[in-house]
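**Student:** Next one to model:
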Amino acid sequence: MRIRKQLTGIPAAPGLAKGSIITVSNQNITIPDYPIEDTESEIFRLATARTAAKEDISSFKEKVKSETDSNEAEIFEAHMMFLDDDSLISLAEQEINTGKNAEAGWMKAVDFFAKQLESIPDPMFASRAMDVRDVGQRVVRHMMGLKQEVTKLTKPVIITGRDLTPSDTVSLDKRMVLAFVTAEGGPTSHTAILAKAFGLPAVVGLGEELLKVEEDAYFLVDGNSGVVVVNPEADEITAFTERQRSANEALHAALAVAFEPALTKDGVAVEIVANIGGNDDAIFAHEHGAEGVGLFRTEFLYLDRNSMPTEEEQVSAYTQIFSNFKGQPIVVRTLDIGGDKEIPYLNFPKELNPFLGWRGVRMLDGRDDIFKTQIRSLLRAGVGVDLRIMVPMIAVDAEVHAVRAILNQEREKLIAEGLPYAEKVQFGIMVEVPSAAIMADRLAESVDFFSIGTNDLTQYTLAVDRTNSQVAHLASAFNPAVLFLIDRTIQCAHEKGKWVGLCGEFAGEPLAVPILLGLGLDEFSMSPARIPVIKQIIRKLDGETCKAIAQKALQALTPEEVKEIVRKSYLELGISI
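**Tutor:** Sure, this is the predicted structure:
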């Protein structure tokens with residue numbers, strides 16, 4: 001007898017799917033490790049294998065291009081970059097020159113770089129570690145003469161497993177894939193991005209319980225909420241099927257008007273912008289109706305290298321990305337990495353609890369050169385741009401004034417040098433540390449805007465590591481305590497005549513829309529793929545209704561109660577999600 005159970009994980013790609021499952025097992029390779037004498041021959045073997053791996057990845061890229069119109073094929077460029085990375089190759093060759101065989105030397109270098117990425121606070125960059133390991137294993141397979149096993153699908157199924165590499169994902173026959181469901185993984189991995197590109201739902205971080213499910217199980221997968229029902233009852237399947245039909249109709253309607261403004265029923269325009277982490281994201285955002293950028297993560301410029309990016313490198317990268325949003329606002333977050341990683345050129349000290357340690361704005365104490373170079377680069381690249389610079393991890397007012405002083409100093413230097421610079425720049429801060437929300441009335445006097453980072457604000461408010469699958473279900477921005485801090489931030493800012501954006505995943509959550517509108521949020525910034533749907537929901541709401549929903553939500557006791565308040569309101573309004 002099949003046993004019904006409900007699992008809750010992390011939503012990674014939106015959508016609904018139902019069907020039987022097939023489990024994909026990770027194909028771990030035992031890496032040979034033995035002494036060698038002919039180092040040149042081993043280095044040549046590594047180079048040959050890297051070339052073969054490039055050919056594989058190039059074919060993957062073309063396969064994705066042929067199967068989707070979006071830009072996700074470009075993520076394999078990152079895999080190509082790993083294979084050509086001078087630092088990675090140099091480290092591997094150093095290991096070989098000490099007498100290690102090519103496989104062992106290469107994988108030691110790969111492991112070092114993967115651990116760098118795993119230690120980054122932002123899960124979008126930490127999740128790239130899987131991609132480094134995926135590429136590393138591919139090179140080793142070529143050196144060992146092993147073929148990559150491909151799962152053959154004979155009927156439409158839901159793919160499950162501990163985790164899926166991008167290679168696993170792209171090699172599957174998408175006509176036979178209904179959804180991706182994994183025990184581990186994060187919502188911003190390349191695999192999740194590819195799932196979105198193919199329009200396939202994905203839920204990750206479901207934990208070990210998923211791996212105990214029998215192979216003949218039947219799943220209902222909700223990629224919007226992260227809920228997976230194992231072996232549902234007949235009436236549940238019927239209701240879920242109706243939800244699928246309604247959701248498909250709503251999605252097609254939203255995409256048709258993605259470039260139109262998000263106007264509420266009572267005529268209020270709501271700014272809908274995108275979270276991006278590089279040029280590919282920028283293009284994708286522009287194509288999905290983004291009205292600008294609410295969070296530009298700049299960390300990608302600092303990774304996988306042996307030295308700080310120069311001023312000219314930064315100016316060039318920023319200029320390229322800014323060009324996608326001419327005449328539109330662009331909010332850039334200054335570097336948000338800290339002492340939890342092993343970036344050789346930054347020499348971060350080891351910390352017992354790096355997520356609460358020397359990161360973000362706190363790096364001013366000892367590495368203000370990083371901020372000075374970045375702010376100077378942004379000012380130069382921001383000529384003719386609606387540039388808005390914001391600083392992460394602000395906890396006290398003194399930190400705001402310290403960064404403002406650097407901004408003024410670098411502006412004066414550019415004037416003295418006769419170099420063009422962005423003359424009108426808004427300066428803001430991330431509200432992600434609870435003390436910043438509590439002290440928002442004071443901080444609002446020193447900034448032009450706030451941007452609420454609900455991912456970290458939730459994590460710190462509830463003392464929950466949102467990347468830990470065992471406790472991730474507790475890290476809900478729907479928690480009334482988090483909503484209280486959001487409300488306080490918005491009210492304090494508005495009292496001082498300042499605007500507020502929200503750039504956490506909460507902004508792209510359909511159930512959060514009326515709450516945030518009712519609290520008076522000025523700007524919603526989200527994953528580009530969510531923009532059409534969120535715009536469409538806003539068009540079906542009005543201010544008074546949203547205020548009433550928001551006040552009810554603030555009085556609730558649990559995240560589940562808050563969600564139920566919105567669901568009931570949507571039902572009354574005839575809004576399906």
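**Student:** So which residues of the stretch 351-500 of the chain form strands?
**Tutor:** 386-391, 426-431, 449-452, 499-502 (DSSP state E, counting those that start in this stretch).
**Student:** Can you list the helices and strands that the second one packs against?
**Tutor:** Okay, so that is strand 426-431. For strand 426-431, the packing partners by 3 or more Cβ pairs under 8 Å, 6 or more residues apart in numbering; DSSP states H and E come out as strand 386-391, helix 397-417, helix 434-438, strand 449-452. For every residue, glycine as well, the C-beta is placed using N, CA and C.
**Student:** Pick the most buried one from these.
**Tutor:** Ranked by average neighbour count under the criterion mean count of other Cβ atoms under 10 Å, these are headed by strand 449-452 at a mean of 26.
**Student:** In the sheet, which strands lie alongside it, parallel or antiparallel?
**Tutor:** Here strand 449-452 is paired, per DSSP bridges, with strand 426-431 (parallel), strand 499-502 (parallel).
**Student:** what's the angle between the first one and helix 397-417?
**Tutor:** Angular relation of strand 426-431 and helix 397-417 on a 0 to 180 degree scale: 150 degrees, by axes from the mean of the first three to the mean of the last three Cα atoms, to 10 degrees.
**Student:** re earlier: make JSON lines from the strands paired with strand 449-452 and add distance to Asp134, mean pLDDT and mean neighbour count to it.
**Tutor:** Output for those, formatted as JSON lines (distance: least, Cβ to Cβ, whole Å; pLDDT from 0 to 100; neighbours: other Cβ atoms under 10 Å):
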{"stretch": "strand 426-431", "distance to Asp134": "31", "mean pLDDT": "97", "mean neighbour count": "25"}
{"stretch": "strand 499-502", "distance to Asp134": "33", "mean pLDDT": "98", "mean neighbour count": "25"}
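**Student:** so which of those comes closest to Ile96?
**Tutor:** When the strands paired with strand 449-452 are compared by Cβ to Cβ, strand 426-431 sits nearest Ile96, at 43.3 Å.
**Student:** Work out the gap between that closest one and the centre of the chain.
**Tutor:** Offset of strand 426-431 from its chain centre (Cα atoms, centre = their mean, to the nearest Å): 20 Å.
**Student:** Kindly format the C-alpha coordinates of it as PDB.
**Tutor:** Once non-C-alpha atoms are left out, strand 426-431 reads as follows in PDB (Å, rounded to 0.1, in the frame of the first residue of the first chain):
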ATOM      1  CA  GLN A 426      21.200  57.900  -5.300                       C
ATOM      2  CA  PHE A 427      22.700  56.400  -2.200                       C
ATOM      3  CA  GLY A 428      20.900  53.600  -0.300                       C
ATOM      4  CA  ILE A 429      21.400  50.700   2.000                       C
ATOM      5  CA  MET A 430      20.200  47.100   2.200                       C
ATOM      6  CA  VAL A 431      17.900  46.500   5.200                       C
END
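**Student:** which residue ranges form the strands in the stretch 51-200 of the chain?
**Tutor:** Going by DSSP E, counting those that start in this stretch, the stretch 51-200 of the chain shows strands at 157-161, 177-182.
**Student:** Pick the most buried one from these.
**Tutor:** Comparing these by mean count of other Cβ under 10 Å gives strand 177-182 as most buried, with a mean of 26.
**Student:** Just send the strands of the stretch 51-200 of the chain back as CSV, with mean pLDDT and distance to Gly418 too.
**Tutor:** Converted to CSV, these look like this (pLDDT from 0 to 100; distance: least, Cβ to Cβ, whole Å):
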stretch, mean pLDDT, distance to Gly418
strand 157-161, 93, 58
strand 177-182, 93, 54
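**Student:** Would you tell me which of the ones you listed gets closest to Gln116?
**Tutor:** Here strand 177-182 is closest among the strands of the stretch 51-200 of the chain (Cβ to Cβ), at 22.9 Å.
**Student:** Give the buried residues for the helix of greatest length in the chain.
**Tutor:** Selection of the longest helix in the chain by residue count, based on DSSP state H, yields helix 39-67. Going by neighbour count (16 or more other Cβ atoms under 10 Å), the buried part of helix 39-67 is 39, 42-43, 45-46, 49-50, 53-54, 56-57, 60-61, 64, 67.
**Student:** So which of those is the closest to Ser246?
**Tutor:** Nearest member of the buried residues of helix 39-67 to Ser246, counting by Cβ to Cβ, is Glu67, at 26.3 Å.
**Student:** can you pull the pLDDT of the closest one?
**Tutor:** Here, the pLDDT recorded for Glu67 equals 54.
**Student:** for the one 4 residues further on, same thing?
**Tutor:** Here, the pLDDT recorded for Asn71 equals 47.
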